[in-house]
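Peer 1: Structure for the following, please:
(one chain, ligands or ions: 2)
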Amino acid sequence: MPIKAILTDIEGTTSAVSFVFDVLFPYAARHLPDFVLNHADEPLVREQLQAVRVESGEADADLVRVIEILLGWIVEDRKATPLKALQGMIWAEGYQAGQLKGHVYPDAVEALKRWKEEGYGLYVYSSGSIQAQQLIFGCSEAGDLTPLFSGYFDTSSGPKREADSYRRIAESIGLAADEILFLSDIVQELDAAQQAGMQTCGLARDGGDLPGHAVVASFAVIDLAGF
Ligand SMILES: CSCCC(=O)C(=O)COP(=O)(O)O
Ligand SMILES: [Mg+2]
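Peer 2: Ligands and ions are numbered 1, 2, ... in the order given. Purely as a prediction, here's the structure:
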């Protein structure tokens, strides 16, 4: 089936891994203790702190312990939904203060704009919360890119390495899975999308292979007609 929509990963695909690991995660770690202590009574934050207690199996953890758990999850890059939700809220303050600007590779910006003009539907699927996704594209070095996207998916659609997550996303987009091209730098994500029937293209920005998938080093050489 011809491609009608593109579903893209962020970290390592549209955006540099180093931006996430060297800028976003340290920013969240630095600001998380004060953020949690200052906002713990707000319903949206309280809900996430409670979810941390449930996921960690420490029902009685006090705020200091919850902060410790969250900082440990950042170090191990755990894709835990409550951590991702809180990171999004913390980054929002950084973007609003002008301390953060989202990195998006120029080749990705150019191709996404072109595909949008050509009529393709553009969607994002990241472990980062939907708020975090809208911030990286909305406050990017290339300006506000959010008008390009028709929808955002996060771990509330399921883990990125499970085929059922991609089935749910295809259903939500309203297209057959094989009308959607999924872009990612992680072979297990590409495998899961392929298993769900999506077409796949791996991004290997430093060269290298993603076995079982078409692979490119830049969005500039992705030919949608070739899938
Ligand atoms: C939305 S920017 C922050 C990305 C993030 O928190 C993360 O864990 C990266 O996940 P991805 O699924 O984009 O590799
Ligand atoms: Mg990635």
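Peer 1: which ones are touching the most centrally placed residue in the chain?
Peer 2: In the chain, the residue lying closest to the centroid (Cα atoms, centre = their mean) is residue 126, at 2.2 Å. Contacts for residue 126 (Cβ atoms under 8 Å, 6 or more residues apart in numbering) come out as 9-11, 132-133, 152-154. Where C-beta positions appear, they are placed from N, C-alpha and C, glycine not excepted.
Peer 1: neighbour-wise, which of the residues you listed leads?
Peer 2: residue 132 (27 neighbours; other Cβ atoms under 10 Å).
Peer 1: Secondary structure element holding that one?
Peer 2: helix 130-138 (DSSP states H and E).
Peer 1: For this protein, list the residues in contact with ligand 1, please.
Peer 2: 9-11, 20, 24, 79, 84, 87, 126-128, 132-133, 136, 160 (Cβ under 6 Å from any ligand atom).
Peer 1: How about whatever residue of the chain ends up closest to ligand 1: what's its closest non-neighbour residue?
Peer 2: Among all residues of the chain, residue 128 sits closest to ligand 1, at 2.5 Å; criterion: Cβ to the nearest ligand atom. Using Cβ to Cβ, 6 or more residues apart in numbering and skipping the chain neighbours, the partner closest in space to residue 128 is residue 84 (5.8 Å).
Peer 1: contacting residues around the host helix or strand of that neighbour?
Peer 2: Secondary structure from DSSP H and E places residue 84 in helix 81-96. Outside of helix 81-96, the residues that reach it under the criterion Cβ under 8 Å, 6+ apart are 24-25, 27-28, 31-32, 35-36, 39, 44-45, 48-49, 51-52, 55, 70, 73-74, 100-102, 127-132, 135, 138-139, 154-156.
Peer 1: Dihedrals phi and psi, residue 183?
Peer 2: phi -110, psi 130 (degrees, to the nearest 10).
Peer 1: State the pLDDT value of the nearest residue to it once chain neighbours are set aside.
Peer 2: Nearest non-adjacent residue to residue 183, counting by Cβ to Cβ, 6+ apart: residue 8, 4.5 Å away. Looking at residue 8, its pLDDT reads 99.
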